[in-house]
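Undergrad: Give me coordinates for this.
(one chain, ligands or ions: 1)
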Amino acid sequence: MICVPITARTKKEALHTIERSCQFADFIELRMDLIDSGNLDEFISAARKTSDSVKIIVTCRKKEEAAPAGRAFPAKNAARNIEEKIALLKEAIELGADFVDIELAKGRAIIKEIQSFSEKHGGKTKIIISYHNLKETPPLTELKKIFRKCARFKPAVVKVVTTAKTIEDNLIMLNLIAYAKECSQKIISLCMGDKGGISRAIAPFLGNYLSFAAFKQEGQSAPGQFTVGGMKQINELFKDKETLPSMAVLSAKKSQPRNYVLLGNPVGKSLSPLMHNAALKKMGIEENYIAFCVNDLRGAVQGMRAMNIRGASVTIPFKVAVMEYLDDVDDDALKIGAVNTIINNKGRLTGYNTDCLGLILTLQEAMPIKNNTFVIIGAGGTARAAAHGIIKEGGIPVIVNRTLEKGEILSRKLNCPFYSIAEIGKIKADCLVNTTPVGMYPEDKSPVKAAVLNNYKCVMDVIYNPLKTRLLKDAEEQGCRIISGLDMFVNQGALQLQLWTGKEPPRALMKKILLERLASG
Ligand code: NAP
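TA: Numbering: from 1, shown residues only. Below you'll find the predicted structure:
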């Protein structure tokens with residue numbers, strides 16, 4: 001069951017999100033500590049008007065136990081004293097909310113007061129007793145004690161939420177679900193944070209009472225939360241319990257390498273798991289692709305060997321650094337100086353670069369490369385991959401970069417011209433390729449002025465979110481042919497799957513799934 005937390009700042013936004021969420025969510029949670037205007041009566045009435053089946057949770061969290069995903073607390077909440085918070089929960093009961101959430105830390109007297117208030121009002125409103133740790137995940141023994149303290153009040157649901165410092169912390173929270181099951185107590189148990197995504201993805205299949213999912217990315221009530229679209233995709237992908245990532249990873253046998261991972265930092269917003277898992281499923285391969293937010297790259301590569309992980313994608317900021325931990329690096333990747341793909345062949349790790357061919361295949365769909373000139377903005381990993389591929393196919397690269405020194409070093413290595421960004425107006429070429437992150441969601445910026453785009457027949461942006469960046473919009477207005485980074489993303493991902501599995505991946509499905517996700521925000 002999916003619960004959308006309503007965290008909007010204003011009454012207007014909150015009512016809008018309530019009305020939209022009630023059309024598809026099983027629960028909404030009114031985070032009265034985060035909404036700064038409007039009142040409970042209006043919010044509950046709006047929810048009931050939209051859906052008679054949606055369950056309503058009312059929460060007014062203490063500042064010390066709330067993680068509003070990087071948002072400052074509204075003044076109104078900070079000003080509320082404990083009596084006002086209790087009054088708000090009582091009002092929720094009077095208004096017929098389905099659940100009120102009280103922190104264990106509020107103490108026995110207050111919990112009992114709210115419980116008996118609910119009973120006096122017919123007991124329709126059930127109680128959730130919650131514990132939040134914003135700093136870490138305590139050991140399982142300690143969490144079991146906290147769980148038992150909550151369960152002693154005989155609430156409808158116990159909620160225990162911690163912060164993942166390591167990937168293993170997810171296992172603690174998943175084990176707590178199993179413990180609650182033994183105690184016949186409904187539980188919501190998960191980890192927050194970039195490293196806590198595994199618990200959010202797997203917990204529903206182990207019997208977690210509900211999953212929190214944000215209406216949209218900016219509406220996260222805690223870091224690491226998936227969007228509703230993301231959570232639904234996970235439910236769909238793993239509805240067959242035998243393909244659960246936890247089970248698959250943990251049961252990986254030495255002689256039989258399984259599973260694929262993404263090594264990067266941050267990885268929370270990566271669309272690679274969505275694309276690869278959909279493709280693996282379609283290919284009939286009962287393996288999974290999981291994103292790991294890595295702090296210790298050397299340790300992560302060692303872990304890959306130890307767990308016999310079949311393959312990995314490597315992303316920012318490790319594409320160069322990872323090379324020193326591998327046994328072999330393919331010739332093209334060596335020349336480019338970056339690896340974005342690893343194959344584990346019986347413990348021997350080989351690095352490849354599929355960004356290069358992914359970009360070339362995408363360009364070739366739009367125009368021939370041989371004898372054409374390509375201005376590449378940027379001098380980082382993707383620029384190097386683009387230039388290498390263009391030269392290999394008989395094209396002529398020209399480097400344009402913000403930092404002169406980096407641009408000059410690359411152009412000397414490639415034996416091609418270099419211009420500073422300020423000089424870009426002087427160049428005329430067949431195609432312009434942006435390999436900088438300028439224009440990536442949520443920015444609406446272009447790395448160059450619109451007028452210079454007149455000098456090109458074709459403009460490609462390696463960015464795929466948004467699909468049409470400011471650069472591409474400007475280029476289209478200047479009459480250029482435009483190429484989004486989405487096809488490159490699909491191509492580089494499909495090439496990875498080909499390297500790992502030896503099979504042809506379903507490119508059309510991969511693109512469709514990404515388009516749907518990008519359209520849903
Ligand atoms: P990188 O190695 O860090 O290089 C980034 C380049 O962008 C550098 O040359 C940097 O210039 C330049 N740059 C950064 N911010 C800038 C700004 N504000 N103004 C002007 N130039 C700026 O990164 P990367 O690995 O090449 O990745 C670059 C982009 O490609 C990312 O957005 C990534 O998501 C995207 N990408 C897409 C795909 C795909 O499949 N579609 C695949 C790979 C990468 P300086 O040298 O001056 O720092």
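Undergrad: Next up, the contacts around the residue in the stretch 301-450 of the chain that the ligand sits nearest to.
TA: Nearest residue of the stretch 301-450 of the chain to the ligand, counting by Cβ to the nearest ligand atom: residue 380, 1.8 Å away. The way it works is simple: take the backbone N, C-alpha and C, and place the C-beta from them, glycine included. Contacts for residue 380 (Cβ atoms under 8 Å, 6 or more residues apart in numbering) come out as 406, 435, 436.
Undergrad: Looking at these, state which has the most neighbours.
TA: residue 435 (27 neighbours; other Cβ atoms under 10 Å).
Undergrad: Now for that one: which residues touch it?
TA: Applying Cβ under 8 Å, 6+ apart to residue 435 gives the contacts 376, 377, 378, 380, 382, 383, 386, 462.
Undergrad: ok, and the closest non-adjacent residue to the residue of the stretch 51-200 of the chain at minimum distance from the ligand?
TA: Closest approach between the stretch 51-200 of the chain and the ligand, counting by Cβ to the nearest ligand atom: residue 194, at 17.0 Å. Spatial nearest neighbour of residue 194, excluding adjacent residues (Cβ to Cβ, 6 or more residues apart in numbering): residue 293 at 4.3 Å.
Undergrad: And residue 443, by the same measure?
TA: Nearest one to residue 443, counting by Cβ to Cβ, 6+ apart, is residue 470 at 7.9 Å.
Undergrad: Low-confidence bits of the stretch 401-521 of the chain, can you list those?
TA: In the predicted model of the stretch 401-521 of the chain, residues 521 satisfy pLDDT under 70.
Undergrad: Spell out the residue ranges of the strands in it.
TA: In the stretch 401-521 of the chain, the strands defined using DSSP state E, counting those that start in this stretch lie at 418-420, 431-434, 458-461, 481-483.
Undergrad: Would you mind naming what in the chain lies close to the ligand?
TA: Counting by Cβ under 6 Å from any ligand atom, the chain comes close to the ligand at 316, 355, 358, 378-383, 401-403, 406, 435-438, 440, 447, 462-464, 485, 488-489, 492.
Undergrad: are any of those residues buried, and which?
TA: Neighbour counting by 16 or more other Cβ atoms under 10 Å classes 355, 358, 378-383, 401, 406, 435-436, 438, 440, 447, 462-464, 485, 488-489, 492 among the residues of the chain next to the ligand as buried.
Undergrad: So for residue 252, what pLDDT did the model give?
TA: Looking at residue 252, its pLDDT reads 35.
Undergrad: circling back: and the residue of the stretch 301-450 of the chain closest to the ligand, how far from residue 345?
TA: Residue 380 sits at a distance of 29 Å from residue 345 (criterion: Cβ to Cβ, to the nearest Å).
Undergrad: now do residue 457
TA: 43 Å.
Undergrad: Would you format the contacts of residue 380 as a markdown table with distance to residue 41 included?
TA: Shown next, in a markdown table, are the contacts of residue 380 (distance: Cβ to Cβ, whole Å):
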| residue | distance to residue 41 |
| --- | --- |
| 406 | 59 |
| 435 | 53 |
| 436 | 50 |
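Undergrad: bridging residues for residue 342?
TA: Beta-bridge pairing for residue 342 (DSSP bridges): residue 312, residue 351.
Undergrad: Now do it: how many residues are near it, please.
TA: 28.
Undergrad: Could you list which residues are in contact with the residue of the stretch 51-200 of the chain closest to the ligand?
TA: Shown in contact with residue 194 (Cβ under 8 Å, 6+ apart): 164, 223, 224, 265, 266, 267, 268, 293.
Undergrad: ok, and the most crowded of the residues you listed?
TA: residue 164 (26 neighbours).
Undergrad: Turn the contacts of residue 435 into TSV, columns for distance to residue 102 and secondary structure.
TA: Shown next, in TSV, are those (distance: Cβ to Cβ, whole Å; DSSP: H, G, I helix; E, B strand; the rest coil):
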residue	distance to residue 102	secondary structure
376	57	strand
377	54	strand
378	52	coil
380	50	coil
382	50	helix
383	54	helix
386	56	helix
462	49	coil
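Undergrad: Format those residues as JSON lines; extra columns: distance to residue 334.
TA: As requested, the contacts of residue 435 are exported to JSON lines (distance: Cβ to Cβ, whole Å):
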{"residue": "376", "distance to residue 334": "20"}
{"residue": "377", "distance to residue 334": "24"}
{"residue": "378", "distance to residue 334": "20"}
{"residue": "380", "distance to residue 334": "17"}
{"residue": "382", "distance to residue 334": "17"}
{"residue": "383", "distance to residue 334": "17"}
{"residue": "386", "distance to residue 334": "17"}
{"residue": "462", "distance to residue 334": "21"}
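Undergrad: Which of those scores worst on pLDDT?
TA: Within these, residue 380 has the lowest pLDDT, namely 92.
Undergrad: before we move on, back to that, the residues of the chain next to the ligand in helices, which ones?
TA: Using DSSP state H, 355, 358, 381, 382, 383, 406, 488, 489, 492 are the members of those that sit in helices.
Undergrad: you'd agree the first one is up against residue 493?
TA: Read it as residue 355. No: contact criterion Cβ atoms under 8 Å: residue 355 and residue 493 do not qualify, at 10.3 Å.
Undergrad: can I assume residue 3 sits in a strand?
TA: Yes: counting by DSSP: H, G, I helix; E, B strand; the rest coil, one finds residue 3 located in a strand.
Undergrad: Return the set of buried residues in stretch 140-156.
TA: Residues of stretch 140-156 classed as buried: 143, 144, 146, 147, 150, 151, 153, 155 (neighbour count, 16+ other Cβ under 10 Å).
Undergrad: about what we covered before: closest to residue 29 out of the contacts of residue 380?
TA: Of all the contacts of residue 380, the one with the least separation from residue 29 (Cβ to Cβ) is residue 436, at 39.1 Å.
Undergrad: Contacts only, for the closest one.
TA: Residue 436 makes contact with 377, 378, 380, 402, 447, according to Cβ under 8 Å, 6+ apart.
Undergrad: Tell me which two of those residues sit farthest apart.
TA: Farthest pair in the contacts of residue 436 (Cβ to Cβ) is 380 and 447. Separation: 12.6 Å.
Undergrad: what mean pLDDT does the helix or strand containing residue 189 have?
TA: According to DSSP states H and E, residue 189 maps onto strand 187-192. The pLDDT scores in strand 187-192 average 95.
Undergrad: Paired strands for it, with orientation please.
TA: Applying DSSP bridges to the sheet, strand 187-192 is found paired with strand 157-163 (parallel).
Undergrad: now the strand it pairs with, how far from the centre of its chain.
TA: Relative to its chain's centre, strand 157-163 lies at 21 Å (Cα atoms, centre = their mean, to the nearest Å).
Undergrad: what mean pLDDT would you report for the helix or strand that it is followed by?
TA: Counting by DSSP H and E, the next helix or strand C-terminal to strand 157-163 is helix 168-182. If you average the pLDDT over helix 168-182, you get 90.
Undergrad: From what I see, residue 204 and residue 211 are in contact.
TA: Yes: the pair residue 204 / residue 211 is scored as a contact, 5.1 Å apart, by Cβ under 8 Å.
Undergrad: Name the residue in the two with the higher neighbour count.
TA: Using other Cβ under 10 Å as the criterion, residue 204 and residue 211 rank with residue 211 on top: 23 against 20.
Undergrad: Residue 160 against residue 187, yeah?
TA: Yes: counting by Cβ under 8 Å, residue 187 is a contact partner of residue 160 at 6.9 Å.
Undergrad: Spit out the residues that contact these two alike.
TA: By Cβ under 8 Å, 6+ apart, the residues touching both residue 160 and residue 187 are 147, 176.
Undergrad: Tell me how far residue 349 lies from residue 459.
TA: Residue 349 is 37 Å from residue 459, where distance means Cβ to Cβ.
Undergrad: Looking at the two, which one has more neighbours?
TA: Neighbours around residue 349 and residue 459, counted as other Cβ under 10 Å, are more numerous at residue 459. The numbers are 24 against 21.
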